[in-house]
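# What follows is a predicted protein model with its sequence.
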Amino acid sequence: MRRVVITGPPPVQILDVTGPLEVFSNIPDYHVTLVASEADGTLMTGRGIGLAGAVPRESISGHIDTLVIAGGPGAESGEYDESYLRWIAETAKRSRRVASICTGAFVLAAAHLLDGKQAVTHRNFCDRLANEFPGVKVQPDPIYLRDGSTYTSAGITAGIDLCLALLEEDHGHEAALSVARQLVMFLVRPGGQAQYSHMLSRQAASSEPLRELQVYMLENLQADLSVETLAERMHMSPRHFSRVCLREMKLNPGQFVERLRVEAAQQMIDSTSKELKEIAEACGFGSADSMRRVFVRVLGVTAGDYTKRFKRSES
């Protein structure tokens, strides 16, 4: 049985702990232990909720498969118990791999476990990590990153992405895909952390006419959705319409149309047996080759690669 130890300087971000806990607990091969820095058996979170059942770090001995360091206010404080850092460093030596969730990367860096290594953390903290620990090669965009036996991840839910990847390393694609479906997660989330969800960008539009236009676009993906046509529908000049889109959705009209079409294609790939050519036509790409280029531009993968990663296999 693989031993997984999850810890972090309190208070921790609750999802940095419970996310990995849920992933690993779905596979009988893992035995998960929560470790508290205090001896009272509670790992305190930043939301005032104590996670009971944690054990004191002194009780952890022997080989560890995966050591997970959670982030949160405690990790972001910049003030760490030296004995705790020494314990992290010593425990890492007898761990097959070490992973940090979100700002847990600061703890790994403070324990000198990221010296000379590539690492990522929440995008809001990447500059700080690079400034405070110049020996760390901070990469701001990845969802998660591996350098040797050390893994780091971006903000909060990216810790779940990382743990799914670790599970896939250990037990293969089908096992990881099964857990991802149980958690209603992507097995491999496309794009980097700088690329936020276009679903959320639609919800973020504050202008009622612009929200109505978004509904029209979704219902008419095969139509002419050029800047000029959309601007005319909004009774704006193309230049002013572009400025409004950038202000409301942080995307220009062309980028937004591409993302809407990609999202529609993703949903069709996941839920239908249609060929890519049919999906491309239905979503307004015009051709499968055009859809391939747009997928690479928006998601960083081709439509064919996306299909291989995410399409539910027929049983």
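Good, I have the coordinates.

# which residue packs closest to Leu210, ignoring adjacent ones?
Glu248 (5.6 Å; C-beta to C-beta, 6 or more residues apart in numbering). Any C-beta I mention is one placed from the backbone N, CA and C, and that applies to glycine too.

# which stretches of the stretch 151-300 of the chain form helices?
In the stretch 151-300 of the chain, the helices defined using DSSP state H, counting those that start in this stretch lie at 158-171, 173-182, 198-204, 208-219, 227-233, 238-249, 253-271, 276-282, 288-299.

# what bits of this protein have low per-residue confidence?
Counting by pLDDT under 70, the chain shows low-confidence ranges at 38-39, 186-208, 271, 310-315.

# Mind doing that once more with 50?
194-204, 314-315 (pLDDT under 50).

# which stretch among the helices of the stretch 151-300 of the chain comes nearest Gly78?
Gly78 lies closest to helix 158-171 among the helices of the stretch 151-300 of the chain, at 20.8 Å (C-beta to C-beta).

# and the closest one, what does it pack onto?
Packed against helix 158-171, as judged by 3 or more C-beta pairs under 8 Å, 6 or more residues apart in numbering; DSSP states H and E, are the following elements: helix 14-25, strand 95-100, strand 144-147, strand 150-153, helix 173-182.

# closest to Thr229 out of those?
Sorting those by C-beta to C-beta, the top spot, which is the nearest, belongs to helix 173-182 at 38.6 Å.

# which of the residues in that closest one are buried?
Ala175, Ala176, Leu177, Val179, Ala180 (16 or more other C-beta atoms under 10 Å).

# so what secondary structure elements neighbour it?
Looks like helix 173-182 contacts helix 158-171 (3+ C-beta pairs under 8 Å, 6+ apart).

# With only the CA atoms kept, save the helix it packs on in PDB.
Provided in PDB are the C-alpha atoms of helix 158-171 (Å, rounded to 0.1, in the frame of the first residue of the first chain):
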ATOM      1  CA  ALA A 158      -4.800  22.700  -9.600                       C
ATOM      2  CA  GLY A 159      -3.700  20.500  -6.700                       C
ATOM      3  CA  ILE A 160      -6.500  18.100  -7.700                       C
ATOM      4  CA  ASP A 161      -5.200  18.200 -11.300                       C
ATOM      5  CA  LEU A 162      -1.700  17.300 -10.000                       C
ATOM      6  CA  CYS A 163      -2.900  14.500  -7.800                       C
ATOM      7  CA  LEU A 164      -4.900  13.000 -10.700                       C
ATOM      8  CA  ALA A 165      -1.600  13.100 -12.700                       C
ATOM      9  CA  LEU A 166       0.200  11.400  -9.800                       C
ATOM     10  CA  LEU A 167      -2.500   8.700  -9.700                       C
ATOM     11  CA  GLU A 168      -2.200   8.200 -13.500                       C
ATOM     12  CA  GLU A 169       1.600   7.700 -13.100                       C
ATOM     13  CA  ASP A 170       0.900   5.000 -10.500                       C
ATOM     14  CA  HIS A 171      -2.200   3.200 -11.800                       C
END
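
# List the buried residues of it.
Quick answer for helix 158-171 (16+ other C-beta under 10 Å): 158-168, 170-171.

# repeat for stretch 70-90
Ala70, Gly71, Gly72, Gly74, Ala75, Glu76, Tyr80, Tyr84, Leu85, Trp87, Ile88.

# Those: which two are farthest apart?
Glu76 and Trp87 (19.5 Å).

# Turn the buried residues of helix 158-171 into a markdown table, columns for distance to Gly62.
Shown next, in a markdown table, are the buried residues of helix 158-171 (distance: C-beta to C-beta, whole Å):
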| residue | distance to Gly62 |
| --- | --- |
| Ala158 | 29 |
| Gly159 | 25 |
| Ile160 | 27 |
| Asp161 | 29 |
| Leu162 | 24 |
| Cys163 | 22 |
| Leu164 | 26 |
| Ala165 | 25 |
| Leu166 | 20 |
| Leu167 | 22 |
| Glu168 | 26 |
| Asp170 | 19 |
| His171 | 22 |
